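[1] Just to be clear, the model below is a prediction. Sequence and coordinates:
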Amino acid sequence: MNRALLIDDDPDLFELLTGYLETEGFTLDAAYNGESGLRMANSADYSLIILDVILPDTSGFNVLSRLRADSNVPVIMLTGRGEEIDRVVGLEMGADDYIAKPFPLRELLARMRAVLRRYGPSSASDGPLQPTSSKRDIEIGGVVINRGARCVTMDESPVHMTSTEFGLIEQLALNIGNIVERDDLMEKALGRDADFDDYVLNVHMSNLRKKLGEHLSIKTIRGRGYLLATPQGGTA
């Protein structure tokens, strides 16, 4: 079973999610404030963290920032209905996804499974996902994409990437010099249906471009998708 951590000050939500998620292959722990959530996240091996924006002792954004300093554990933010700015900030700071309160339990489960699928070929309900070491690395100029360890280095220096950002650069690099359709990226890198609002894709792509800097260029092909190229326009 996958082990998840809920950081939220609502014990009723924890009780509701615990009963539902256990039947779907997840065990759930709870922390009712940011500091205890960080301690638990750092002391146990969680597959995923569900993090509320509003906490009694600090903001969820502060917790996310501290998590992202040394961890790429998948994070789904819980935001208020209509609070678009919270979603923007959370994604820009490295959250993998968000869901607005109140939410259908089945929708949260679908988001959790979609995030976890980015770690490997197995279903999130089949147990903890492990990165496969049989995949070949991709090297483009000074950028090395280690597909087994799911990490990226540029000029031999590690670049911190979330699971979503890695999924995007992996798909683009596998098709370097060719257009990767938006729908394919939504499905393979984000685990979303093609008809889902691509706002999340746009924000993650913006974050990825910032991290790649001048090493690689991601071109937007209007109406279709994206294309990865070297800054000189080459493909290797």
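    Received it, and whenever you're ready, just let me know what you need.

[2] just for this protein, where's the confidence low?
    Where the chain drops to pLDDT under 70, the residues are 81-82, 118-134, 192-197, 231-236.

[3] can you give me the strands in it?
    2-7, 26-31, 48-52, 75-80, 97-101, 138-140, 143-146, 151-154, 157-159, 179-181, 217-221, 225-229 (DSSP state E).

[4] Flag every buried residue along stretch 3-17.
    Neighbour counts using 16 or more other Cβ atoms under 10 Å place 4-9, 13-14, 17 of stretch 3-17 among the buried residues. Any C-beta I mention is one placed from the backbone N, CA and C, and that applies to glycine too.

[5] could these go into CSV alongside distance to residue 144?
    Shown next, in CSV, are the buried residues of stretch 3-17 (distance: Cβ to Cβ, whole Å):
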residue, distance to residue 144
4, 31
5, 31
6, 36
7, 34
8, 38
9, 42
13, 42
14, 41
17, 39
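
[6] wait, which of those residues is closest to residue 71?
    Closest approach between these and residue 71, by Cβ to Cβ: residue 5, at 11.8 Å.

[7] Show me what the closest one is bridged to.
    In this entry, residue 5 is beta-bridged to residue 29, residue 49, by DSSP bridges.

[8] The nearest residue to residue 62 once chain neighbours are set aside: neighbouring residues, count only.
    Closest residue to residue 62 apart from its sequence neighbours, by Cβ to Cβ, 6 or more residues apart in numbering: residue 34 at 6.6 Å. For residue 34, the neighbour count with other Cβ atoms under 10 Å is 23.

[9] what's the answer for residue 188, then?
    17.

[10] what does residue 59 give?
    15.

[11] got it, and residue 220?
    Residue 220: 13 neighbours (other Cβ under 10 Å).

[12] gap between the nearest residue to it once chain neighbours are set aside and residue 23?
    Leaving aside its sequence neighbours, residue 220 sits nearest to residue 226 (Cβ to Cβ, 6+ apart; 6.0 Å). Between residue 226 and residue 23 the distance is 38 Å, computed by Cβ to Cβ, to the nearest Å.

[13] Which one of the two is surrounded by more residues?
    The residue with more neighbours, out of residue 226 and residue 23, is residue 226; 22 against 8, by other Cβ under 10 Å.

[14] hmm, back to that, looking at the buried residues of stretch 3-17, which one is closest to residue 147?
    Distances from residue 147 to those, taken by Cβ to Cβ, are shortest for residue 4, at 25.0 Å.

[15] contacting residues around that closest one?
    Neighbour list for residue 4: 21, 26-29, 46-50, 112 [criterion: Cβ atoms under 8 Å, 6 or more residues apart in numbering].

[16] ditto for residue 46
    Taking Cβ under 8 Å, 6+ apart as the test, what residue 46 contacts is 3-5, 29, 40, 73.
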